[in-house]
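A.B. asks: using only what follows, build the 3D model:
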Amino acid sequence: MKVTTSQAYANLKARRNPEQDTTIFEAFDALPESEAVKYLAGAMEPIPPTYTANTIQEAERVRNQITKGLEVEGLGAEFEIQGSVIKNTHIRGYSDVDLLVVEGRFITYGPSQQVAVPYTGDPVKDLLQIRRIVINRLTTSFWEATVDSSGAKSVKISGGSLRRTVDVVPGNWFHTAEYSESRNRVLLEVQILDAHKEARGKPDPLFLHGAWLDHQEARTGGNGKKLIRLLKSLKYESSLGKAAMSSYDIESIVFRMDEEELKKFSRGQELALALHCYGWLHLLEQDQRLRESLDTPDQRRKIFSDGFATLTQLRDLKTDLGQLLNEIQRGLSNSARKLAEARLSFPSAPSRPWGF
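C.D. replies: Numbers count the residues shown, from 1 in each chain. The predicted model follows:
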């Protein structure tokens, strides 16, 4: 980490509880161990559900206004809330959220599929119309907020009465042959409008990545997402900005860890779990063949490929985790404990008198 452990821990608590809500009990904060241990344990924990619920609520407010704007024009759309908040891999109480607005007039089909009634309209013009309605409705409905339409793919709204930043993304469903046959929602794909190019992007498997992370979470007792949140927190403290590994690639690297090994760690073994993750990062650093063989969860590309995760980024992540573990180990040595053997005893939330 590029900051002291004390500062990193203060940053962590501020991210997780930005309103300093005293009704929120964080078990890691009551641990008797050092701030380094508290940081590691806290970084693994999900964001308090109150903040996650508020984030989704703000996205719903934006959705309701867009729906009204579309209805005025006799149009309709489907909406999907996307991003780390939905995957439960977010690390900030005030996390941004993506709101996908899916065009209702047409669906694009993959090759070799028969379409009974082909669409005769112009998909790009339709999506540009949706985007214009979004901009106009948000500007008039949230008049104190800032509506930023400079982005090619999203319209960003923040401030005013909104407690979260919401990125509104127009697009259309893309039905692959696999989805058309199975109707498995996980296989649905989406094409996003690029307003600058006035074109649609390549079909993207919207739900597949998150579905695989949920699968790993269920099979490992939540340990996969614990490590994702920890590594994303370390990335946040590194101040590397765009030079750091993307959250998507961090999630992909953790996803490729051995599930049988991951599920061996129970609550209280967070230090050993982090040490195990360090070993995985070290193995990837040393073994080029293994590193370059790993696919993203949706198997659309290699994790380590041109324009995506790099060996330098991997080393940065490993170094930051290693420094944190070394600091924790030095503190544990005073009590003759080792990282792999140490157990954390999380206290229960204190009982509150009725009416408080």
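
A.B. asks: report how many residues lie close to L213.
C.D. replies: By the measure other CB atoms under 10 Å, the count of residues near L213 is 21. Quick note: C-beta positions are derived from backbone N, CA and C, even for glycine.

A.B. asks: can I take it that it is in a helix?
C.D. replies: Yes. The assignment for L213 is a helix, going by DSSP: H, G, I helix; E, B strand; the rest coil.

A.B. asks: excluding its backbone neighbours, what's nearest it?
C.D. replies: Nearest residue to L213, sequence neighbours excluded (CB to CB, 6 or more residues apart in numbering): K87, at 5.7 Å.

A.B. asks: and the one you found, what does it touch?
C.D. replies: Shown in contact with K87 (CB atoms under 8 Å, 6 or more residues apart in numbering): 210, 213-214, 225, 251.

A.B. asks: measure it to W212 for me?
C.D. replies: K87 is 10 Å from W212, where distance means CB to CB, to the nearest Å.

A.B. asks: same question, I66
C.D. replies: 30 Å.

A.B. asks: which one of the two has more residues nearby?
C.D. replies: Set I66 next to W212 and count neighbours by other CB under 10 Å: I66 wins out with 23 against 19.

A.B. asks: I'd assumed T139 was in contact with the more buried one.
C.D. replies: No. Under the criterion of CB atoms under 8 Å, I66 is not in contact with T139, lying 11.8 Å apart.

A.B. asks: domain assignment for the chain?
C.D. replies: Taking automatic domain parsing as the reference, the chain has its domains at 5-45+210-335, 50-206.

A.B. asks: could I get the ones you listed as TSV with distance to S345 and mean pLDDT?
C.D. replies: Listed next are the domains of the chain as TSV, based on distance: least, CB to CB, whole Å; pLDDT from 0 to 100:
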stretch	distance to S345	mean pLDDT
domain 5-45+210-335	6	96
domain 50-206	24	97
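
A.B. asks: looking at those domains, which is nearest to A342?
C.D. replies: Evaluated with CB to CB, the domains of the chain place domain 5-45+210-335 nearest to A342, the distance being 4.8 Å.

A.B. asks: helices or strands up against the strand ranked longest in the chain?
C.D. replies: When the chain is parsed with DSSP state E, its longest strand is strand 166-175. Under the contact criterion of 3 or more CB pairs under 8 Å, 6 or more residues apart in numbering; DSSP states H and E, strand 166-175 touches helix 49-72, strand 97-103, strand 108-109, helix 123-141, strand 155-158, strand 189-194.

A.B. asks: out of those, which is closest to N172?
C.D. replies: Per CB to CB, nearest to N172 of the helices and strands packed on strand 166-175: strand 97-103, 4.4 Å.

A.B. asks: tell me the contacts of H175?
C.D. replies: Taking CB under 8 Å, 6+ apart, one finds 107-110, 113, 188-189 in contact with H175.

A.B. asks: what is it paired to in the beta sheet?
C.D. replies: Y109 (DSSP bridges).

A.B. asks: what about it, distance to A10?
C.D. replies: 48 Å.

A.B. asks: cool, and S34?
C.D. replies: Taken as CB to CB, the span from S34 to A10 is 14 Å.

A.B. asks: so which residues of the protein form helices?
C.D. replies: Secondary structure of the chain (DSSP state H): helices at 5-16, 35-44, 49-72, 84-87, 123-141, 177-182, 208-219, 223-238, 247-255, 259-262, 270-286, 288-293, 311-332.

A.B. asks: returning to that earlier point: how about the contacts of H175, which pair is most distant?
C.D. replies: Q113 and L188 (14.2 Å).

A.B. asks: higher neighbour count, the two?
C.D. replies: Using other CB under 10 Å as the criterion, Q113 and L188 rank with L188 on top: 20 against 11.

A.B. asks: wouldn't that one be in contact with A211 here?
C.D. replies: No. Counting by CB under 8 Å, L188 does not reach A211; the two are 10.7 Å apart.

A.B. asks: related to what we said a few turns ago, who has more neighbours out of S34 and A10?
C.D. replies: Shown here are S34 and A10; by other CB under 10 Å, S34 has more neighbours (18 against 14).

A.B. asks: my guess is the more buried one contacts G331. True?
C.D. replies: Yes. S34 lies in contact with G331 (CB under 8 Å); the separation is 4.7 Å.
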